[in-house]
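Participant: the following comprises the amino acid sequence and a computationally predicted model.
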Amino acid sequence: MSGLVQWVIAWSQSPSSVIALFGLAFAESSFFPIPPDVLLIAMALIRPKEAFVFALVCSAGSLLGGIFGYFLGWLGGRPLLHRLFSEAKINMVRDAYEKYEVWAIGIAGFTPIPYKVFTLSAGTFAIPFLPFATVSAISRSARFFLVAGSIFFWGEEMKVLIERYFNWFTLVFVALLLGGFLILKPLFKGNRRQTEEN
């Protein structure tokens, strides 16, 4: 795995680094194991003035890759999931969708939880496409712009902090996300009940 990470980082020195970043973000959303943050951080450290451009490229690639994964899951169904993931992971994702609905995508999109498991599963479990794409766009952009912005403003010092505390940052985000879900859920239930009565 470390060799693969070094191979990814080596792309940051290439003239095709932006294309590589887009391709990596796209692939990681459906099958590739290395998150694009690795290349995004390396590129932003080399060219900090372009950090937000790199974040935008990374967000676009990740969103399109997520949509690709969604339709792969929709076409392949459970047989595809069983070929790629363990039964335990599939059950974990199914439980997350039952408990948090589309917000599960937001958690996976922002945190170190493998996003590709959720994109493929979203299609398999017939999660509504528009909410899936919307939450994916918000959560993935938030993650990549947070990384790029941190390096843009604090440079090398922030790289050390990101590597050391990124999981803590994401846990805070998840807590805020779930808090928002708990606040909004009664409103959605109220609207749904009103729609059913009409």
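Facilitator: On my side now, so go ahead.
Participant: list the buried ones in stretch 55-75?
Facilitator: Of all the residues in stretch 55-75, those buried under the rule 16 or more other CB atoms under 10 Å are 55, 57-70, 72-74. Any C-beta I mention is one placed from the backbone N, CA and C, and that applies to glycine too.
Participant: what sits up against that stretch?
Facilitator: 18, 21-31, 36, 40, 44, 80-81, 109, 115-116, 119-126, 129, 132-133, 136-137, 140-141, 144-145, 147-149 (CB atoms under 8 Å, 6 or more residues apart in numbering).
Participant: for stretch 11-28, same thing?
Facilitator: Against stretch 11-28 from outside (CB under 8 Å, 6+ apart): 8, 32, 34-36, 39-40, 42-43, 46, 54, 57-62, 64-65, 68, 115-116.
Participant: now it: mean pLDDT?
Facilitator: For stretch 11-28, mean pLDDT is 89.
Participant: next one: stretch 142-160
Facilitator: Rounded mean pLDDT across stretch 142-160 is 81.
Participant: report the buried residues of that stretch.
Facilitator: Buried residues in stretch 142-160, counted by 16+ other CB under 10 Å: 142-148, 150-152, 158-159.
Participant: cool, and stretch 10-26?
Facilitator: Under 16+ other CB under 10 Å, the buried positions of stretch 10-26 are 11-12, 17-18, 20-26.
Participant: return the distance of residue 87 relative to residue 150.
Facilitator: Residue 87 sits 38 Å away from residue 150 when distances are taken as CB to CB, to the nearest Å.
Participant: same deal with residue 109?
Facilitator: Taken as CB to CB, the span from residue 109 to residue 150 is 18 Å.
Participant: again with residue 67
Facilitator: 27 Å.
Participant: number of nearby residues for residue 46?
Facilitator: Applying other CB atoms under 10 Å, we find 13 residues neighbouring residue 46.
Participant: what's near enough to touch it?
Facilitator: Applying CB under 8 Å, 6+ apart, we find residue 46 in contact with 12-13.
Participant: and it, what pLDDT?
Facilitator: Residue 46 is given a pLDDT of 82.
Participant: and it, how far is that from residue 18?
Facilitator: 12 Å.
Participant: do the same with residue 99
Facilitator: Relative to residue 18, residue 99 is positioned 38 Å away (CB to CB).
Participant: where do the helices sit along this protein?
Facilitator: Using DSSP state H, the helices of the chain run over 2-10, 17-28, 37-46, 51-84, 87-100, 103-110, 115-124, 129-197.
Participant: in the third one, which residues are buried?
Facilitator: Of the residues in helix 37-46, those scored as buried under the neighbour-count criterion (16+ other CB under 10 Å) are 37-44.
Participant: show me the two of the buried residues of stretch 142-160 that sit farthest apart.
Facilitator: Farthest-apart pair in the buried residues of stretch 142-160 is 142 and 159; separation 19.1 Å (CB to CB).
Participant: no further queries at this time; thank you.
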